[in-house]
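Enquirer: one predicted model, sequence on top.
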Amino acid sequence: MAFTGNSNSGKTTLIEKLTLLLKDKKVSIIKHDPKDKAKLDKEGKDSARFYKAGANVAILGATQTYLRFHESLKIESIINNFKPCDYVFIEGLKELPFQRICIARDMLDSRFFDYIQAIAIDETIDKNEIPHDIEILNLNNPQEILKWIDENIKDYQ
C-alpha cells in the first residue's frame with residue numbers, strides 16, 4: 001500500500017501508527033527521498049521512527065539507497081522485495097502502480113487525484129472538494145484506514 005501527500009501532511013505519522021497497530025505482523029517500509037534529504041537513525045526522523053515501530057526500512061534517494069532491517073538478510077531477500085512480509089508500505093513514488101491513499105491536512109492538492117483510490121483527511125479538508133470516485137477515510141482513525149487497506153490491498157507475488 002502506498003501513501004502520497006504534501007510535506008507535513010501526516011504521512012509518516014500515519015504509517016508509524018499503522019505499523020504499531022500491526023506489531024504482530026512483519027511490516028516493511030519503503031520511503032522515497034528524491035532530494036537525498038533523509039537523515040538516518042536520527043531520533044525523531046522518519047527512518048528511526050519506522051524502525052522503532054518495528055518495521056524494516058528502505059529509503060530510496062536520488063543518488064543512494066539505505067536499507068535497515070531487524071535481522072541480517074541475504075541479498076536474495078532484499079531483491080525479493082522484503083519477502084516474506086505481511087505488509088509493505090510505500091511513502092511517496094506516486095507514479096508507481098500501487099493501491100494508494102493520499103494524506104491531506106490543511107490543504108487539498110488535486111494533483112494527487114489521478115493516482116489515488118482513497119484519501120485520508122481531517123476536519124480541515126472540505127469533503128465536497130473530493131471527487132466522488134475517491135473513498136474518504138478519517139485521518140485520525142488508523143483502525144479505519146487499516147480496515148480499508150485490508151479490504152483493498154493487492155497481494156504482489
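Expert: Nice, thanks for sending it over.
Enquirer: mind listing the strands for this protein?
Expert: For the chain, applying DSSP state E gives strands covering 2-5, 27-33, 56-61, 65-68, 87-91, 100-104, 118-121, 135-138.
Enquirer: off-centre distance for the longest one?
Expert: Offset of strand 27-33 from its chain centre (Cα atoms, centre = their mean, to the nearest Å): 7 Å.
Enquirer: who does it pair up with?
Expert: With DSSP bridges as the test, strand 27-33 is paired with strand 56-61 (parallel), strand 87-91 (parallel).
Enquirer: could I get those as TSV with mean neighbour count, distance to residue 145 and mean pLDDT?
Expert: In this view, the C-beta of every residue, glycine as well, is placed from N, C-alpha and C. Conversion of these to TSV gives the following (neighbours: other Cβ atoms under 10 Å; distance: least, Cβ to Cβ, whole Å; pLDDT from 0 to 100):
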stretch	mean neighbour count	distance to residue 145	mean pLDDT
strand 56-61	20	20	70
strand 87-91	22	11	85
